[in-house]
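**Student:** Structure, please.
(2 chains)
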Number of protein chains: 2
Amino acid sequence: MIVIKMGGSIFGKEEKLLADAAKLGEPFVLVHGGAAETTNLAERMGVKVEQITSPEGFKSRRTTREMIEIFMMAVAGKINKSLVARLQKLGVNAVGLCGMDGSMLRAKRKILTSLENGKTKMIRDDYTGKIEKVDAKLLQILLREGFAPVVAPITLSEEFEPLNSDGDRSAAMIASAIRAQRLVLLTDVDGYYENFPQGLVARMSASQIEDAIKKATGGMKRKLLAAREALSGGVGEVIIANGTVDSPISSALSGKGTHISK
Amino acid sequence: MIVIKMGGSIFGKEEKLLADAAKLGEPFVLVHGGAAETTNLAERMGVKVEQITSPEGFKSRRTTREMIEIFMMAVAGKINKSLVARLQKLGVNAVGLCGMDGSMLRAKRKILTSLENGKTKMIRDDYTGKIEKVDAKLLQILLREGFAPVVAPITLSEEFEPLNSDGDRSAAMIASAIRAQRLVLLTDVDGYYENFPQGLVARMSASQIEDAIKKATGGMKRKLLAAREALSGGVGEVIIANGTVDSPISSALSGKGTHISK
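**Tutor:** Take a look at the predicted model:
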């Protein structure tokens, strides 16, 4: 059993990834992002996209009530169902879901802190959430019956509102919950670099990951945090690799990218 | 087992319907439309919505390649997942799907004929489809395991493209395939009228339906065609009723609306 996370930056360039997934010969769950597509849709609708920067320097998109609906449309509507159609064409019996389906991913709404002109501001009405509980029943049933779940990282809050959750963390939580042997985080670079574009790291132990988390920023930091979460949840190996190359999943499984294990 | 079809016109006024569904005490599938929401989104995106009229007088929205993506976003993204969140809040373990998931609804692309200034024009590049095959496996598994499937009428073409299919017909085909005893088509009027707003018909036999199909127009004609399809597919009873009243499903089951049976 394998969980594959396809970064939003790959959407539109996912042919090789899907063709490879179809030939894996192993049950899989595909988790995907969709930040770029959400921004595109918001702009086409004339909705302003607000960026916030946390005091720790994390940049993220503000998810207002209007933006969570746009996120649902772009990610659960367009990307998720396009991937399902393509996988079906490749002979994979895909089922498109989001984390609200079957109450799969339950999350707690985040209170964001934003640094504006040197001042810290609290944002309490954001629709982003930190996953707190995974109910793997739906995924396990689908996998057992031969379906390939495709999951958009929209989660259900304690008050039953839709929330935007990080795709890498969603994939990590799912991988732990279904006891996947491997989690493959596919992005648009070849793996974790000590000093990008120098020093691609081929292997990393759980102890080395702490150092890397401190050094990394943005998307790579989130991937490393997700990797640590998956390993402590019992996943045997996490691989960060390039999802845009030929046979990206099987290459990653046979050695490409950054392999992280305990 | 019961299949409920919620017309797109009810979206935004579905609180009573969902609360009633949650109290049914019987497994159900909820099929929904979303034409109005699709038009809203297209307008917000600055995409022109083209109406076509068939030589028989059927009005429909032209579904271009761009419009099927908008349909996916509005219907499978926003409406479907909103309904899932609300049902989860009501204690129903809902799972949001579209007809492409699990290859559930396979359709054939329609060649549309449009009447323009007295001339008939063939439209071959429309993304609407007539359902030809239903694979009920995914729905049956979910129902057996205690989930409530919520289905958007997006179907998969022979070439594995997403198609826009009629929601009432989708519900009818699903009801036959899962051997539902009853199909409840909920709309914003009280049932079938002989001469609207006069002459609400309480009961109709399969022989009377032919006459009604000839007389009816627009959405009601489509509902009657769907009813005929469901009955010939083995569904025991089809009810056309108002989905915006108090306890709309249980009232329909206990006598309100137009009851159609063989």
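
**Student:** contacts and neighbour counts: CA atoms only from here.
**Tutor:** Will do.

**Student:** and chain A, which of its residues are near chain B?
**Tutor:** A:44-46, A:69-70, A:72-78, A:81-82, A:84-86, A:88-89, A:93-97, A:100-103, A:147, A:156, A:159-162 (CA under 8 Å from any CA of the partner chain).

**Student:** Select from those every entry located in helices.
**Tutor:** A:44, A:69, A:70, A:81, A:82, A:84, A:85, A:86, A:88, A:89 (DSSP state H).

**Student:** show me the contacts for whichever residue of the stretch 51-200 of chain A sits closest to chain B.
**Tutor:** Closest to chain B within the stretch 51-200 of chain A is residue A:77: 3.7 Å, counting by CA to the nearest CA. Applying CA atoms under 8 Å, 6 or more residues apart in numbering or on different chains to residue A:77 gives the contacts B:72, B:73, B:74, B:75, B:76, B:77, B:78.

**Student:** Give me the neighbour count for the fifth one.
**Tutor:** Same thing as residue B:76. 33 (other CA atoms under 10 Å in any protein chain shown).

**Student:** Do I have it right that it meets residue A:76?
**Tutor:** Yes: Residue B:76 sits in contact with residue A:76 when judged by CA atoms under 8 Å, with a separation of 7.0 Å.

**Student:** which parts of stretch A:79-88 are buried?
**Tutor:** A:79, A:80, A:81, A:82, A:83, A:84, A:85, A:86, A:87, A:88 (16 or more other CA atoms under 10 Å in any protein chain shown).

**Student:** And those residues, which two are furthest apart?
**Tutor:** Maximum pairwise distance among the buried residues of stretch A:79-88 (CA to CA): 14.3 Å, between A:79 and A:88.

**Student:** who does the helix or strand bottoming out on mean pLDDT in chain A pair up with?
**Tutor:** Sorting the helices and strands of chain A by mean pLDDT, DSSP states H and E puts strand A:59-61 at the bottom, at a mean of 82. Strand A:59-61 has its sheet partners listed here by DSSP bridges as strand A:51-53 (antiparallel).

**Student:** Identify the residues contacting residue A:21.
**Tutor:** A:28, A:249.

**Student:** secondary structure element for it?
**Tutor:** Secondary structure from DSSP states H and E places residue A:21 in helix A:15-22.

**Student:** try residue A:108
**Tutor:** Short version, using DSSP H and E: residue A:108 is in strand A:105-109.

**Student:** Alpha carbons of that strand, as CSV, please.
**Tutor:** Extracted in CSV, the C-alpha atoms of strand A:105-109 (Å, rounded to 0.1, in the frame of the first residue of the first chain):
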residue,chain,number,x,y,z
LEU,A,105,-10.3,14.1,7.9
ARG,A,106,-11.4,16.1,11.0
ALA,A,107,-9.6,19.3,11.7
LYS,A,108,-9.4,22.1,14.1
ARG,A,109,-9.7,25.7,12.8
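
**Student:** Give me the pLDDT for the residue nearest to residue A:133 when sequence neighbours are not counted.
**Tutor:** Spatial nearest neighbour of residue A:133, excluding adjacent residues (CA to CA, 6 or more residues apart in numbering or on different chains): residue A:106 at 5.1 Å. What the model reports for residue A:106 is a pLDDT of 98.

**Student:** Likewise for the one 10 residues further on?
**Tutor:** Reading off the confidence values, residue A:116 has pLDDT 84.

**Student:** thinking again about what came up before, check whether the residue nearest to residue A:133 really touches residue A:157, as I assumed.
**Tutor:** Yes: assessed by CA under 8 Å, residue A:106 is found in contact with residue A:157 at 5.9 Å.

**Student:** what are the phi and psi values for the closest residue to residue A:13 other than its chain neighbours?
**Tutor:** Excluding its sequence neighbours, the residue lying closest to residue A:13 (CA to CA, 6+ apart) is residue A:244, at 6.5 Å. Backbone geometry at residue A:244, expressed as degrees, to the nearest 10, gives phi -100, psi 0.

**Student:** what about residue A:244, neighbour count?
**Tutor:** Using other CA under 10 Å: residue A:244 sits among 22 other residues.

**Student:** now residue A:123
**Tutor:** Using other CA under 10 Å, residue A:123 has 12 other residues around it.

**Student:** Same question for residue A:91.
**Tutor:** 11.

**Student:** Please report the distance of it from residue A:5.
**Tutor:** 20 Å (CA to CA, to the nearest Å).

**Student:** One more: residue A:117?
**Tutor:** 35 Å.

**Student:** Which one of those two is surrounded by more residues?
**Tutor:** residue A:5 (26 against 6).

**Student:** Tell me which helix or strand the more buried one sits in.
**Tutor:** Assigning secondary structure by DSSP H and E places residue A:5 in strand A:2-6.

**Student:** Mind listing residues that contact that strand?
**Tutor:** For strand A:2-6, using CA under 8 Å, 6+ apart, the contacting residues are A:26-33, A:167-168, A:171, A:174-175, A:180-187, A:243.

**Student:** Whichever of these end up buried, select them in PyMOL.
**Tutor:** Remark: buried members of these, expressed as a PyMOL selection using 16+ other CA under 10 Å:
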select buried, chain A and resi 27+28+29+30+31+32+33+167+168+171+174+175+180+181+182+183+184+185+186+187+243
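
**Student:** Out of the contacts of strand A:2-6, which sit inside strands?
**Tutor:** Counted as lying in strands by DSSP state E, out of these, are A:28, A:29, A:30, A:31, A:32, A:182, A:183, A:184, A:185, A:186, A:187.

**Student:** so the last one bridges to which residues?
**Tutor:** So that's residue A:187. residue A:242.

**Student:** can you state the direction angle for the strand holding residue A:5 and strand A:28-32?
**Tutor:** Interaxial angle, strand A:2-6 versus strand A:28-32 (axes from the mean of the first three to the mean of the last three CA atoms, to 10 degrees): 20 degrees.

**Student:** Can you tell me the strand partners of strand A:2-6 and which way each runs?
**Tutor:** By DSSP bridges, strand A:2-6 pairs with strand A:28-32 (parallel), strand A:182-187 (parallel).

**Student:** give me every residue that touches residue A:62.
**Tutor:** By CA under 8 Å, 6+ apart, the contact set of residue A:62 is A:49, A:50, A:51, A:52, A:126.

**Student:** are any of those residues buried, and which?
**Tutor:** A:49, A:52, A:126.

**Student:** Off-centre distance for whatever helix or strand residue A:141 lives in?
**Tutor:** Residue A:141 belongs to helix A:137-144 when elements are defined using DSSP H and E. Averaging C-alpha positions (CA atoms, centre = their mean, to the nearest Å) puts helix A:137-144 19 Å from its chain's average.

**Student:** list the helices and strands that helix packs on?
**Tutor:** strand A:148-152 (3 or more CA pairs under 8 Å, 6 or more residues apart in numbering or on different chains; DSSP states H and E).

**Student:** The strand it packs on versus strand A:2-6: what angle between them?
**Tutor:** 40 degrees.

**Student:** Strand A:148-152 pairs with which strands, and in what direction?
**Tutor:** Going by DSSP bridges, the partners of strand A:148-152 are strand A:28-32 (parallel), strand A:94-98 (parallel).

**Student:** any residues touching the first one, and which ones?
**Tutor:** Just to be clear, that refers to strand A:28-32. With CA under 8 Å, 6+ apart, strand A:28-32 has contacts from A:1-8, A:21, A:80, A:143, A:148-153, A:167, A:170-171.

**Student:** Mind doing that once more with 7 Å?
**Tutor:** For strand A:28-32, the external contacting residues (CA atoms under 7 Å, 6 or more residues apart in numbering or on different chains) are A:1-8, A:148-152, A:167, A:171.

**Student:** Flag the least confident of the buried ones among the contacts of residue A:62.
**Tutor:** Least confident of the buried ones among the contacts of residue A:62 in the model: residue A:52, at 90.
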